[in-house]
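**Student:** need a structure here:
(3 chains)
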Amino acid sequence: MVERLRAWCVPLFLLGALELYARTVAAGSDAIAPPSAALLAWFGAARDGSLWQATAFTLGSAALGLLIASALGIVGGLLLGLSPRADVSSALSIELLRPIPSVALIPLAMLVFGFGLRMETAVIAFAAFWPMLILARAAVRQLEPRLLEVSCMLGLSAWQRGWKIVLPAIVPRLFVALRLGVAIALVVAVTVEIAANPHGMGYAMMIAQQGLDPALMLAWLGWIGAVGYAINGLALRLQQRVARAMGEAP
Amino acid sequence: MPLLAFDRVAIHLGGREILSPTSFEVARGEFVCIVGPSGCGKTTLLRAASGLVAPQGGTVRRNGEAVTRPSREVAFVFQDYGRALLPWRTVQGNVGLALEAAGVPKAERAPRVGAVLDKVGLSAHAQKFPAQLSGGMQQRAQIARCLAQTPQLLLMDEPFGALDALTRHGLQDEVARLVREQGLTVLFVTHDLEEAIYLGDRVIALQAEPGPGRPSLARMLEVPIPRPRDQLRTKEHPAFLRLRRELFGFIEQGHG
Amino acid sequence: MRRIPLADAAASLALLAVLLAVWWAASHGGWISRVFLPTPEATLASLHEGLTTGELAAFSAATIWRMVLGWGLASLAGVALGVAIGLSAAVRAYVQPMLEFVRPLPASALLPLAIAIFGLSPTMVLAVVAFGAMWPVLLGTIHGLVAVAPRLQELARCLDLSRAAYVWKIGLPNALPDILAGMRVALTVALIVSVVGEMIASQSGLGQAILLAARAYRASELFAGIVLLGLIGLASNALLALAERHWLKWQQP
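**Tutor:** Residues are numbered from 1 along each chain as shown, chains lettered A, B, ... in the order given. The predicted model follows:
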């Protein structure tokens, strides 16, 4: 309980200081607004629906991009983990393609898809694909070799081995990878919206700044932070729940 | 004046009495071993002697002055040697840490570290990292660091417990030799009865779950076996066998 | 089955060659319009031209400079603040929850605020790069300092180390793996924010270059820029990995 109170001390103090500063020294500024005004702006956006629409777009494109990245990444990772030949041959190509920053593909996605959902989803999928691939591969490689020996002794078919042994064993680590993927997907989504895509929370924040509405801009900034925090928290909780259900220490 | 004196030292941890009011003295140059079953408070007693733990009752005195905090004059050899060495420093760096802490000028450090490593037989491994050393060598490195402190008092907490028998015997003899050469005063905690009798001038036996009529310090026995001692002959010495029988029965029963 | 390094290298080169061949075929065969997918030769030509007579070299230098400077400042600030926060349990109790809130925030999200305050300038981009890249280093430093094993803390007490000596000889070396890991993440953040900053603040650099190339439908220049950004990412990461291996050689001697 005391910890909860202590956690709020410094943020509340800083918000209070900002409130004071914005209302006195920086009154009428185009850049700074008091937190109270930002809160009112937030309510305004919530009431007229723009908040929910933009949030839905960002979360939707993030989810879609993550879905694609996970499907491809997990399948790819499984392949790399189980087949040493595939693993070895793909190593160089992965090392050359992986370092390309996802933001570098924004103009390309823009060129191919124009603006909208597909463009953002494509960039997110690229960004989230690599960590999913690498972590899925690692999950398979860290499989307890003893389990594979047991499956050999029990005479399990390749399908049985995959379904009954390999997949359940790697599920906890896949959820850890998913947690990371969620974080990346959200960050890239907002980044794409700030850089180019005229949709979603990032764009709404840019528009507010360009329209010299600091209260609304700060409201969006705070909201983006809150949404990110909440979703990452949920992902963590899910991952821990899965770990416990699969018998692993969380 | 005794080097170390426990004056009715009592320790409570987590609401339980770990050590009932205990008094004993350690004279300069003495090698005192402490044995007892697990939970009897022997490690806690050692930590109180170093100042890492403050007693709830009584006083620990070193050279007549109360011990309130750790000091460089007291060297502590931890049981988990792997964790007590800095993994990012070589053996030389680890031993040098003691000299750095004491503010020894840089020019003096290398020769002094070299001398200590020579004494424990690690000169050839000076540039290795702890991860490259065996358990026995890691413990020797820790002992070397403690010796580099040129301590008045050497406290050893089950230093050989995690090692195999052969390494253990070798290190026992090494420590006995080093202590004799340097004229060190040692307080040595072990659960191994034979080790305690083999190494000590005196053996203190503690018992667990102290209470009224059942003090922590249950027995204090002199070891009248002459030095230097030998792994084979000493263990057949009549005094050794007598002490072993007496203390064995005591530790088995857990009674005073 | 023993792996033969030469055969492994050959296999990986073979796959790369296959991918390049597919690229070549796709662009030449018109499977994907050349508006979107330039031929490999065209990309190479754009790269060559841009680096020799064109401005790609200058753009790359600008982006690299922004990235490295911002990352450097971020690392110093991150370690310094991390030490200040990490050493005191009291400070941590008050500050750490707030840090956990800021952690998931995209660094680029601060660009609009920075534009509002500083206007469109290279300093503005640098400020956001540094601020954004600081967090992984800060969090890594704190984590590394807090995670000093209790035995080592007791050792410090036994040797009567001063606070400063403890930080320098035990705390920071213990935290070094976490700090270096944080610095690696910080480098990727720095590159990303540099590129985004250039795109939206019209600052000279690769970010702006590829955005303009896309708008002008100059696909080969766009791809040349992407290749360069990939190389920058690759090289910077490789250099840092090398440094990490050198400083952390005690982990696997």
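**Student:** Show me what the longest helix seen in chain B is packed up against.
**Tutor:** Using DSSP state H to define each element, chain B has its longest helix at helix B:165-182. Where contact means 3 or more Cβ pairs under 8 Å, 6 or more residues apart in numbering or on different chains; DSSP states H and E, helix B:165-182 is packed against helix B:106-120, helix B:135-148, helix B:193-199. From N, CA and C alone the C-beta is placed, and that goes for glycine too.
**Student:** Let's see that with 7 Å instead.
**Tutor:** helix B:135-148, helix B:193-199 (3 or more Cβ pairs under 7 Å, 6 or more residues apart in numbering or on different chains; DSSP states H and E).
**Student:** residues making contact with the next helix or strand after the last one?
**Tutor:** Where DSSP states H and E defines the elements, the next helix or strand beyond helix B:193-199 is strand B:202-206. Where contact means Cβ atoms under 7 Å, 6 or more residues apart in numbering or on different chains, the residues beyond strand B:202-206 that reach it are B:24, B:30, B:32-36, B:40-42, B:196-197, B:216-223, B:243, B:247, B:250-251.
**Student:** re the thing from before, buried residues of the longest helix of chain B, list them for me.
**Tutor:** For helix B:165-182, burial by neighbour count (16 or more other Cβ atoms under 10 Å in any protein chain shown) applies to B:Thr167, B:Arg168, B:Gly170, B:Leu171, B:Gln172, B:Asp173, B:Glu174, B:Val175, B:Ala176, B:Leu178, B:Val179.
**Student:** out of the helices and strands packed on helix B:165-182, nearest to chain A?
**Tutor:** Among the helices and strands packed on helix B:165-182, the nearest to chain A by Cβ to the nearest Cβ is helix B:135-148 (26.2 Å).
**Student:** Would you mind listing which of the contacts of strand B:202-206 are buried?
**Tutor:** Among the contacts of strand B:202-206, the ones that count as buried (16+ other Cβ under 10 Å) are B:24, B:30, B:32-36, B:40-42, B:196-197, B:216-219, B:221, B:223, B:243, B:247, B:250-251.
**Student:** farthest-separated two in the buried residues of helix B:165-182?
**Tutor:** Using Cβ to Cβ, the two most remote members of the buried residues of helix B:165-182 are B:Thr167 and B:Val179, lying 18.2 Å apart.
**Student:** any idea how far B:Met11 lies from chain C?
**Tutor:** Careful, residue B:11 is Ile and not Met. From B:Ile11 across to chain C, the span is 17 Å (Cβ to the nearest Cβ, to the nearest Å).
**Student:** brain fart, A:Ala7
**Tutor:** Applying Cβ to the nearest Cβ, the value for A:Ala7 to chain C is 4 Å.
**Student:** And for B:Ile225?
**Tutor:** Taken as Cβ to the nearest Cβ, the span from B:Ile225 to chain C is 32 Å.
**Student:** Confirm that that residue sits in a strand.
**Tutor:** No: under the criterion used here (DSSP: H, G, I helix; E, B strand; the rest coil), B:Ile225 is coil, not part of a strand.
**Student:** which residue sits closest to C:Met134 in space, ignoring its chain neighbours?
**Tutor:** Leaving out its chain neighbours, the residue that sits closest to C:Met134 by Cβ to Cβ, 6 or more residues apart in numbering or on different chains is C:Ala74, at 4.1 Å.
**Student:** now that neighbour, what's its secondary structure?
**Tutor:** Assignment for C:Ala74 (three-state DSSP): helix.
**Student:** Report pLDDT for it.
**Tutor:** Per-residue pLDDT puts C:Ala74 at 97.
**Student:** and it, what does it touch?
**Tutor:** C:Ala130, C:Ala133, C:Met134, C:Val137, C:Ala186, C:Ala190.
**Student:** could you redo the last one with a cut-off of 10 Å?
**Tutor:** Counting by Cβ atoms under 10 Å, 6 or more residues apart in numbering or on different chains, C:Ala74 touches C:107, C:129-138, C:182-183, C:186-187, C:189-190.
**Student:** What does the pLDDT read for the most far-flung residue of chain C relative to its centre?
**Tutor:** Most distant from the centre of chain C: C:Cys158, at 40.6 Å, with distances by Cα atoms, centre = their mean. At C:Cys158, the predicted lDDT confidence score is 95.
**Student:** Among the buried ones among the contacts of strand B:202-206, which are located in strands?
**Tutor:** If you go by DSSP state E, these have B:Phe24, B:Val32, B:Cys33, B:Ile34, B:Val35, B:Leu217, B:Ala218, B:Arg219, B:Leu221 in strands.
**Student:** Can you name the two of these that sit furthest apart?
**Tutor:** Within those, two members stand farthest from each other by Cβ to Cβ: B:Val32 and B:Ala218, at 15.0 Å.
**Student:** Give me the number of neighbouring residues for the residue lying closest to B:Gly183 once chain neighbours are set aside.
**Tutor:** The shortest distance from B:Gly183 to any residue other than its chain neighbours is 5.7 Å, reached at B:Gly29 (Cβ to Cβ, 6+ apart). If you count neighbours by other Cβ atoms under 10 Å in any protein chain shown, B:Gly29 ends up with 14.
**Student:** Any figure for the gap between B:Gly29 and chain C?
**Tutor:** 22 Å.
**Student:** what's the strand or helix carrying C:Ser46 packed up against?
**Tutor:** Per DSSP H and E, C:Ser46 falls inside helix C:40-52. Using 3 or more Cβ pairs under 10 Å, 6 or more residues apart in numbering or on different chains; DSSP states H and E as the contact test, the elements touching helix C:40-52 are helix C:5-28, helix C:56-86, helix C:206-215, helix C:219-247.
**Student:** Just name the most buried of the ones you listed.
**Tutor:** Mean neighbour count, computed with mean count of other Cβ atoms under 10 Å in any protein chain shown, is highest for helix C:206-215 among these, reaching a mean of 24.
**Student:** That one close to chain A?
**Tutor:** Yes: residues of helix C:206-215 contacting chain A under Cβ under 10 Å from any Cβ of the partner chain: C:Leu206, C:Gly207, C:Ala209, C:Ile210, C:Leu211, C:Leu212, C:Ala213, C:Ala214, C:Arg215.
**Student:** What are the neighbouring residues in contact with the first one?
**Tutor:** Translated: C:Leu206. So C:Leu206 contacts A:101, A:104, C:56, C:59-64, C:66, C:191, C:194-195, C:198-199, C:224-226, C:228-229, C:232 (Cβ under 10 Å, 6+ apart).
**Student:** Do you have the strands of chain A handy? List them.
**Tutor:** Using DSSP E, strands in chain A do not occur.
**Student:** So what touches the helix or strand of it with the lowest mean pLDDT?
**Tutor:** The least trusted helix or strand in chain A, going by mean pLDDT, DSSP states H and E, turns out to be helix A:158-160, with a mean of 81. Applying Cβ under 10 Å, 6+ apart, the contact partners of helix A:158-160 are A:Leu82, A:Ser151, A:Leu154, A:Val166.
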